[in-house]
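**Student:** here is my input, please return the structure:
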Amino acid sequence: MKNTHSLKLRMSKHRRLAFKPSEYQHRYELVLDNMNNAGLDALLVHCPENITYLTGYETPGYYGYHCLVIVRGQQPVLVGRRIEMRTNVPEFSWLTQTESVEDHQIPIESTSKIIEKLGMARRKIGIEKSSWFFPVNEYEALRARLPRADLRDGSGLIEAARLIKSEAEVRMIRRAVAIADKATLAGIRVTKAGTTEDRIAAAVYKKWCEEGSEYTGLPNFIASGKRSGLCHSTWRGRKLNTNDHCIFEIAASKNRYAGAVFRVATVGRVKPIIRRLSDTSIEALLAVIDAIRPGIISEEVDKVGRDIIKRAGFGKHHHHRLGYSIGLNQPPDWGEGQIMSIRRGEKRMLQTNMTFHLVPGCLIAGELGIVNSATVRVTKTGCEVLNSIPLKLFEK
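**Tutor:** Numbering: from 1, shown residues only. You can find the predicted model right below:
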């Protein structure tokens, strides 16, 4: 059925766009439909990933003010710092309408003036209450400036569109996954007794950069020995001993799309606990991959992996969700877990072209941590693993 809420976007078309203009047009129409279903006349977008999703615009400078003003039936306007509007808008996006804010000006005043100019000062306006980058003081200032506007929570409207990836997005995630795999293998190759986490990290990042990864929303996690039991631990110079191990949780990014992998490498004799944990993690991961299909409820997938870990006697050390949506990423996260995770209590069903990073494993504080992971796509009939790196304990 033809989208009755579509708007032909006026686009600046150039070779630097990450996707074809038709891809952005389709995304915009999905969001316009969601706005219409929510009864909204306008939507103010502050989430950096959502702005990138709709427009291609990207910058790590979203610590400064940024707001995409979407009005049904009218062209979108991006409000932000002049230095960003003049440089990064033409470099990364198709946008043709912006409102620059000087550093000495009050951004909310500029935003409210745009809303008034577009005839929305007394209409139903959605705001992203859940956005990490829409602080309370900005919300209060907006309400004060637009006392007759009907401000409603528009959180999740764009995320609902982002959750199911297009084929073009899946291709971008594949590119990121391939880089993460290669970087992980580069780190594993130099893992040996007497080397340090710093040198291992250097090998990872050298390959990572050579293969074309851009910055990710989180650092890569490389830790050895007892430090592997720390959650989200980065390299700290520890020297590996004989009969030691090192963990690698590596992500890469292409045009802000992430893909990730988690593997374990050992040096010398493999400790029995390391082998048992690794075997359990791999068993759980393979079972989850086999269970994934369109229509299955997320928490049912989580239970498949969680039950295997419990039966192996490690249940009390499996502290986290089994997986999380992965795709667009900006600091402070490379995942989309705030959109959807494979976890207990998540009642939504998996759908074709959802993408997840599956991370069954265990952290034993003060002792060790072991996880084996996969970035996957839900297919029409099951699950596709996007990683090519062998799923095994790397023994050296």
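
**Student:** doesn't T375 belong to a strand?
**Tutor:** Yes: the assignment for T375, made by DSSP: H, G, I helix; E, B strand; the rest coil, places it in a strand.

**Student:** show the contacting residues for it.
**Tutor:** By CB atoms under 8 Å, 6 or more residues apart in numbering, the contact list for T375 reads 173, 177, 180, 259-261, 326, 355-358, 385-387. Using the backbone N, CA and C atoms, a C-beta is placed for each residue, glycine as well.

**Student:** again, but for A260
**Tutor:** V177, A180, E249, I250, A251, A252, I326, W334, G335, H357, S373, T375.

**Student:** try A291
**Tutor:** Contacts for A291 were tallied using CB under 8 Å, 6+ apart; they are E300, V301, V304.

**Student:** any idea how far it lies from S298?
**Tutor:** Using CB to CB, to the nearest Å, one obtains 11 Å as the distance from A291 to S298.

**Student:** just the contacts of A260: which are in strands?
**Tutor:** Here DSSP state E is the test, and those give E249, I250, A251, A252, I326, W334, G335, H357, T375 as lying in strands.

**Student:** return the set of residues that bridge with the third one.
**Tutor:** The partner list for A251 in beta bridges (DSSP bridges) reads A260.

**Student:** how about the residue nearest to the spatial centre of the chain, nearest residue that isn't a chain neighbour?
**Tutor:** By CA atoms, centre = their mean, the chain has its centre lying nearest to G335, at 2.8 Å. Of all residues not flanking G335 in the chain, Y324 sits nearest, at 4.5 Å (CB to CB, 6 or more residues apart in numbering).

**Student:** now the helices for the stretch 251-396 of the chain?
**Tutor:** Assigned by DSSP state H, counting those that start in this stretch, the helices in the stretch 251-396 of the chain fall at 272-291, 298-311.

**Student:** just the stretch 101-250 of the chain next, same as before
**Tutor:** Counting by DSSP H, counting those that start in this stretch, the stretch 101-250 of the chain has helices at residues 107-117, 136-145, 157-162, 167-189, 197-210.

**Student:** without its sequence neighbours, what residue ends up closest to S166?
**Tutor:** Excluding the flanking residues, the one nearest S166 by CB to CB, 6+ apart is E23, at 6.4 Å.

**Student:** what's the burial count for the one you found?
**Tutor:** Number of residues near E23 (other CB atoms under 10 Å) recorded here: 16.

**Student:** okay, and it sits in which element?
**Tutor:** Assigned by DSSP states H and E, E23 belongs to helix 21-37.

**Student:** of all the helices of the stretch 101-250 of the chain, which one is nearest L17?
**Tutor:** Nearest of the helices of the stretch 101-250 of the chain to L17, taken as CB to CB: helix 167-189 at 11.3 Å.

**Student:** which other helices and strands contact that closest one?
**Tutor:** helix 197-210, strand 244-254, strand 257-267, strand 323-330, strand 355-358, strand 374-378 (3 or more CB pairs under 8 Å, 6 or more residues apart in numbering; DSSP states H and E).

**Student:** starting at the chain centroid, how far to that helix?
**Tutor:** Helix 167-189 sits 14 Å away from the centroid of its parent chain (CA atoms, centre = their mean, to the nearest Å).

**Student:** show residues contacting stretch 152-160.
**Tutor:** Contact with stretch 152-160 is made by 31, 34-35, 38-40, 43-45, 47, 50, 53-54, 124-131, 336, 338-339, as judged by CB under 8 Å, 6+ apart.

**Student:** how does it look with 6 Å?
**Tutor:** Stretch 152-160 is touched from outside by V31, N34, L43, N50, G126, I127, E128, K129, S130, I339, with contacts defined as CB atoms under 6 Å, 6 or more residues apart in numbering.

**Student:** coming back round to it: switch the helices of the stretch 251-396 of the chain over to a markdown table; also include distance to A18 and mean pLDDT.
**Tutor:** Below are these laid out as a markdown table (distance: least, CB to CB, whole Å; pLDDT from 0 to 100):
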| stretch | distance to A18 | mean pLDDT |
| --- | --- | --- |
| helix 272-291 | 29 | 98 |
| helix 298-311 | 29 | 98 |
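
**Student:** got the ones you listed as CSV, with distance to L157 columns?
**Tutor:** Shown next, in CSV, are the helices of the stretch 251-396 of the chain (distance: least, CB to CB, whole Å):
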stretch, distance to L157
helix 272-291, 29
helix 298-311, 20
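
**Student:** tell me which of these lies nearest to A168.
**Tutor:** Evaluated over the helices of the stretch 251-396 of the chain, closeness to A168 peaks at helix 272-291, with 24.0 Å, by CB to CB.

**Student:** what angle separates that closest one from strand 323-330?
**Tutor:** Angle between the axes of helix 272-291 and strand 323-330 is 90 degrees (criterion: axes from the mean of the first three to the mean of the last three CA atoms, to 10 degrees).

**Student:** how about helix 272-291: buried residues?
**Tutor:** Neighbour-count burial for helix 272-291 flags 274, 277-278, 280-289, 291 (criterion: 16 or more other CB atoms under 10 Å).

**Student:** so where's the chain shaky on pLDDT?
**Tutor:** Low-confidence segments of the chain (pLDDT under 70): 1-5.

**Student:** domain assignment for it?
**Tutor:** 21-162, 167-395 (automatic domain parsing).

**Student:** contacts for stretch 44-61?
**Tutor:** Residues contacting stretch 44-61 (CB under 6 Å, 6+ apart): 17-18, 27-28, 62, 67-68, 84, 88-89, 92-95, 127-128, 131, 133-134, 158, 162, 256, 328, 330.

**Student:** right, and M172 touches R256 too?
**Tutor:** No: at 8.7 Å, M172 does not count as touching R256 under the criterion of CB atoms under 6 Å.

**Student:** if we can go back for a sec, would you list the helices and strands packed on helix 167-189 in JSON lines and tack on distance to E346?
**Tutor:** JSON lines is the format used below for these (distance: least, CB to CB, whole Å):
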{"stretch": "helix 197-210", "distance to E346": "31"}
{"stretch": "strand 244-254", "distance to E346": "22"}
{"stretch": "strand 257-267", "distance to E346": "20"}
{"stretch": "strand 323-330", "distance to E346": "10"}
{"stretch": "strand 355-358", "distance to E346": "12"}
{"stretch": "strand 374-378", "distance to E346": "14"}
